[in-house]
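# Quick one: sequence plus predicted model below, questions after.
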Amino acid sequence: MAAVEFKDLPGLVGQEVGVSDWLEITQDRVNKFADATGDHQWIHVDVERATKEIGGPIAHGYLTLSLIPFLGAGLLNVKGVTRGINYGSDKVRFTNMVRVGKRVRLRQKLIGAEPKSGGIQLKNECTIEIEGEERPACVAETISVIYGG
């Protein structure tokens, strides 16, 4: 999507603002996330056991959710933004597991744009898709506030 002006954001509500490139979920990424969060459940980090019992290791749901800012960077280019903050999330659902080795991408739709604290509060419907699978890994409504103009 081309760069847009602050004043034009309300007119984009209801529209898809972009789809990211694919990103492969590697075991190294899963292991680093486990180390960062202390979540070393075997379904994520014990490759041998996970392969034997569930067909292979899977990414943490919160790892999948945490990829939204990275995958969404640049999808909605607003002119003159000086800073942005994460404000929260609504309706987060993990609807499918992401197996290590699979690729994911973000599909983002703007569902709200309202004035807030001298900026604009944006609400996006974020869907993390898994390549080759019908059901997405995660669907979340994210809320951010951007400033500038």
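Received the coordinates, thanks. Just so we're clear, the structure is a prediction, and the values are computed from it rather than from any experiment.
# For the residue most central in space within the chain, which non-adjacent residue is closest in space?
The centre of the chain sits closest to Ile68, judged by C-alpha atoms, centre = their mean, with a distance of 2.0 Å. Ranked by C-beta to C-beta, 6 or more residues apart in numbering and with sequence neighbours excluded, the top spatial neighbour of Ile68 is Cys126, at 5.1 Å. For glycine as for every other residue, the C-beta is placed from the backbone atoms N, C-alpha and C.
# partners of the one you found in the sheet?
For Cys126, the beta-bridge partners are Gln108, Ala140 (DSSP bridges).
# what ranges do the strands span in this protein?
Taking DSSP state E, the strands of the chain run over residues 16-19, 23-24, 81-94, 103-116, 119-130, 138-148.
# For the second one, which outside residues touch it?
Right, the one you point to is strand 23-24. Contacts to strand 23-24, defined as C-beta atoms under 8 Å, 6 or more residues apart in numbering, come from residues 67, 70-71, 101-105.
# Could you tell me which residues make contact with the residue nearest to Asp90 when sequence neighbours are not counted?
With C-beta to C-beta, 6+ apart as the criterion, Asp90 has its nearest non-adjacent residue at 4.0 Å, and that residue is Glu141. Contacts for Glu141 (C-beta under 8 Å, 6+ apart) come out as 89-92, 111, 123-126.
# what's the answer for Glu114, then?
Neighbour list for Glu114: 10, 120-121 [criterion: C-beta under 8 Å, 6+ apart].
# Can you check which helix is longest in this protein?
helix 27-37 (DSSP state H).
# What separation do you get for Val4 and Gly148?
Shown here: Val4 relative to Gly148, a distance of 12 Å by C-beta to C-beta, to the nearest Å.
# which of the strands of the chain is buried the deepest?
strand 119-130 (a mean of 21; mean count of other C-beta atoms under 10 Å).
# Report the distance from that one to the chain centre.
Counting by C-alpha atoms, centre = their mean, to the nearest Å, strand 119-130 is centred 8 Å from the centre of its parent chain.
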